[in-house]
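Enquirer: structure for this input, please:
(one chain, ligands or ions: 2)
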Amino acid sequence: MNNLPTLANIDVTVLKGVGSKLAQVLAKLDIHSVQDLLFHLPLRYLDRTRITAISQLRTNTSVVVQGAVLKTNIVFGKRRSLAVTIEDNSGTTCLRFYHFNASQKNSFEEGRQVRCYGDPRLGSSGLEFYHPEYEFVDSGKTELSEQALTPVYPLTDGLSQSRIRSLTEQAVNLLKDYSPSELLPAEVQQMFGMDTLASALAYLHFPPPEASVEQILAGQHPAQQRLAFEELLAHYLVRQQLREQFQQEHAALIKVHQDKKAALLSTLPFSLTGAQQRVCDEIQRDLSKGVPMLRMVQGDVGSGKTLVAAIAALNVAFSGYQVAIVAPTEILAEQHLNNFKQWLEPLGLRICWLVGKLTAAKRRDALKTIADGEAEIIVGTHALFQEDVDFAKLGLAIIDEQHRFGVDQRLSLRKKSRLGEVPHQLVMTATPIPRTLAMTAYSELDYSVIDELPPGRKPIQTALVSQSRRAHVIERIRVACEKGTQAYWVCPLVEDSETLSAANAEQTWEQLKVALSGFNIAMVHGRLKAAEKEMVMASFKKGESQLLVATTVIEVGVDVPNATLMIIENPERLGLAQLHQLRGRVGRGSEASHCVLLYGDKLSQHAKQRLQVLRESNDGFVIAEKDLEIRGPGELLGTRQTGDMQYRLADAQQHANLIPEVHRIGEHLCVDKELSDKLIQRWIGYNKNYAQV
Ligand code: ADP
Ligand code: MG
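Expert: Ligands and ions are numbered 1, 2, ... in the order given. Next comes the predicted model:
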């Protein structure tokens, strides 16, 4: 059997049209064999078989809509655009063009039927189509020419959709004579009712005209489920291998230092919540095993993760090891520094600080302190990941807001120990991640949740207010500041550009200085130097300014308990989880707090409904679930930036129901190293970053 050619060892160059040049292009996509090509699955499908009602639009779903032109506007904003509103009998949407000419504008005559192809995105009027492909059609004409879904493949330079489609067609033909090896146990194959792996692959490359479009677009066809299962399993297995590799290493044996913990708690004006206590115990259990801990702690904003981290740090430090605390920004690192100083210095622990902005001399001192073991607790930013940071005896690495770091960055700290002992790892996240998603995205980690807020927190009252009442909102700020409390004004993101957003924040700042003369109004945005940002934040924290105008740079972790009012402008441009994070900057003191979502005049009903979720809930997990539904996991986890967790066809949300079974089967399969490796190679290849760390 092994002597027969298999799809895995038939080179792509046997396909018609694949010479050495195209082979090189395909190699960039990790496609070498016909099997690789078959497993290079469509990223998504275009549904050009039917017209979708405008009221049913969703972000990132490619559709055809058709409607009559209601009006055209030239909008003079930061960037001039042409906005064409079209209407069908369910609602209206906007086609937006940044490049256009007069004749194009004139072609959109009122009442003319337009058919538009594209994926709507959130824009200033709700869901909008940016530079869509479109055509004019006779009214009444609703039939479409495509009979089947059109697959869209991931591409690279030098490869077009039509080229790769013609290659997959040949590859699918080869499936008649050769089949890829079935790697799933028979039990799993039967779960999905597809006869063979080959038929599932053929179906997904060329969905037949009678295929159910809804089912396929929702990722629910048995062929998709079967392959998604296999892919999720491969990811689970690679992460399990990583975990096992980890568990074969030694780690510091940490004892509980009950007296020290009690001493710390006795200085606090509150006691631990039940959830904090439980998570502390879970961490301590891991730390006492002698193998490296890999644990994620989740908790909503304000649930008190920092204190849990400090207690873990204290036990590690008093067991004779160092602790590194890594935060994604200097503002946040400084806040941790202050907390840890306040909590741990009285116990006799020494704390050192390392961030990018230190002068050369200070940096040298810090490096020496760290290397000589003269500080037990080291707080910092990415700067701690650098090569020349050498710890005397690192026992625990705590990574705050871990979604800002890639897996590889996180794991680089494990190389930083001199003792032949791998440091324990505790990662904390403030964006609550629904459990099934956490199980996929971070299956190598154990998981703890602080599912309780400290008592006495007053829920933040959230209101949706239209821009037309801006003056009234500004008045509210005056009232709040006159009472001695502070406020934030968060300016919107402008077209994903930090420069435009910063310019916009500056304008707003100028306006508010005039409208609220007599108060100190500060401003912070991403274009300021780190030192400037820090100064502004520090002075706001001290109460020297009453209002802070900011871009979303303040999203993460800043703690100013005296701030009780937050205005968020154009909230429709942000994800719900992010809005919840932002809003979590208020409601940290004993005063009741308010958040005003100041939305644009043209906000659609749909977008307004989305924002209502924030009015109705203060629960980060509920909000995260909603956000996941609307925006998908890449946005929620921030992995679009770090590149972690990119699947070929599995979708952490659409296939969430498969996860428990993937884990169950995976636990059995992982002992079969050969089979695991085959699955991993098929789906992930050998060059996935975390597979080799
Ligand atoms: P997050 O989980 O968002 O990182 P923090 O650790 O910043 O939250 O804690 C938020 C605030 O709650 C801090 O001011 C902290 O001192 C306080 N806090 C932490 N634990 C408790 C508790 N058990 N009871 C009351 N307040 C607490
Ligand atoms: Mg925090």
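Enquirer: flag every residue of the stretch 251-400 of the chain that's near ligand 1.
Expert: Applying Cβ under 6 Å from any ligand atom, we find that the stretch 251-400 of the chain lies next to ligand 1 at 270, 272-273, 276, 299, 301-307. All C-beta atoms are positioned from the backbone trio N, CA, C, and that covers glycine.
Enquirer: next, count neighbours for the residue in the stretch 1-150 of the chain that ligand 1 sits nearest to.
Expert: Residue nearest to ligand 1 within the stretch 1-150 of the chain: L122 (26.5 Å; Cβ to the nearest ligand atom). Other residues lying near L122 total 19 when counted by other Cβ atoms under 10 Å.
Enquirer: confirm L314 sits in a helix?
Expert: Yes - assessed by DSSP: H, G, I helix; E, B strand; the rest coil, L314 belongs to a helix.
Enquirer: ok, now how distant is the nearest residue to it once chain neighbours are set aside from ligand 1?
Expert: For L314, ignoring the flanking residues on the chain, the nearest one in space by Cβ to Cβ, 6 or more residues apart in numbering is K260 at 5.5 Å. Separation of K260 from ligand 1 (Cβ to the nearest ligand atom, to the nearest Å): 18 Å.
Enquirer: for the residue in the stretch 551-693 of the chain positioned nearest to ligand 1, give me its contacts.
Expert: In the stretch 551-693 of the chain, the residue that lies nearest ligand 1 is D559 (5.3 Å; Cβ to the nearest ligand atom). Going by Cβ atoms under 8 Å, 6 or more residues apart in numbering, D559 touches 335, 585, 588.
Enquirer: who does the residue of the stretch 1-150 of the chain closest to ligand 1 bridge with?
Expert: L127 (DSSP bridges).
Enquirer: so which residues make contact with stretch 331-342?
Expert: So stretch 331-342 is in contact with 306, 310, 313, 325-327, 351, 353, 355, 377, 379-381, 400-401, 533-534, 537, 556-559, going by Cβ under 8 Å, 6+ apart.
Enquirer: in PyMOL, select just the buried ones from those residues.
Expert: Selection command for PyMOL covering only the buried members of the contacts of stretch 331-342, criterion 16 or more other Cβ atoms under 10 Å:
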select buried, resi 306+310+313+325+326+327+351+353+355+377+379+380+381+400+401+533+534+537+556+557+558+559
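Enquirer: please flag which of the contacts of stretch 331-342 sit within helices.
Expert: 306, 310, 313, 533-534, 537 (DSSP state H).
Enquirer: among those, which one lies nearest to L658?
Expert: T306 (35.4 Å; Cβ to Cβ).
Enquirer: okay, the closest one: pLDDT?
Expert: We have a pLDDT of 94 for T306.
Enquirer: now do L4
Expert: The confidence metric pLDDT takes the value 65 at L4.
Enquirer: any regions of the stretch 351-500 of the chain where pLDDT drops low?
Expert: 402-411, 417-419, 494-496 (pLDDT under 70).
Enquirer: buried residues in the helix or strand harbouring A68?
Expert: Element membership of A68 [criterion: DSSP states H and E] is strand 63-76. Buried residues in strand 63-76, counting neighbours by 16+ other Cβ under 10 Å, are found at 63-69, 72.
Enquirer: name the nearest of these relative to K16.
Expert: V64 (32.8 Å).
Enquirer: so that closest one touches V114, yeah?
Expert: No - using Cβ atoms under 8 Å, V64 is not in contact with V114, being 10.8 Å away.
Enquirer: hmm, back to that, generate a ChimeraX selection restricted to the buried entries among the residues of the stretch 251-400 of the chain next to ligand 1.
Expert: To isolate the buried members of these in ChimeraX, using 16+ other Cβ under 10 Å:
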select :272,273,276,299,301,302,303,304,305,306,307
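Enquirer: go through the residues of the stretch 251-400 of the chain next to ligand 1 and flag which are in strands.
Expert: G299 (DSSP state E).
Enquirer: nearest to R48, of the residues of the stretch 251-400 of the chain next to ligand 1?
Expert: Using Cβ to Cβ, these come closest to R48 at V301, 42.7 Å.
Enquirer: just say helix, strand or coil for the nearest residue to A148 once chain neighbours are set aside.
Expert: Spatial nearest neighbour of A148, chain neighbours left out: P209 (4.6 Å); criterion: Cβ to Cβ, 6+ apart. Following three-state DSSP, we place P209 in the coil state.
Enquirer: any stretches of this structure with poor pLDDT?
Expert: Along the chain, the parts satisfying pLDDT under 70 run over 1-4, 402-411, 417-419, 494-496, 555-557, 630-646, 686-693.
Enquirer: ok so, going back, mind giving me the packing neighbours of the strand holding A68?
Expert: Packing contacts for strand 63-76, counted by 3 or more Cβ pairs under 8 Å, 6 or more residues apart in numbering; DSSP states H and E, involve strand 80-87, strand 92-97, strand 113-118.
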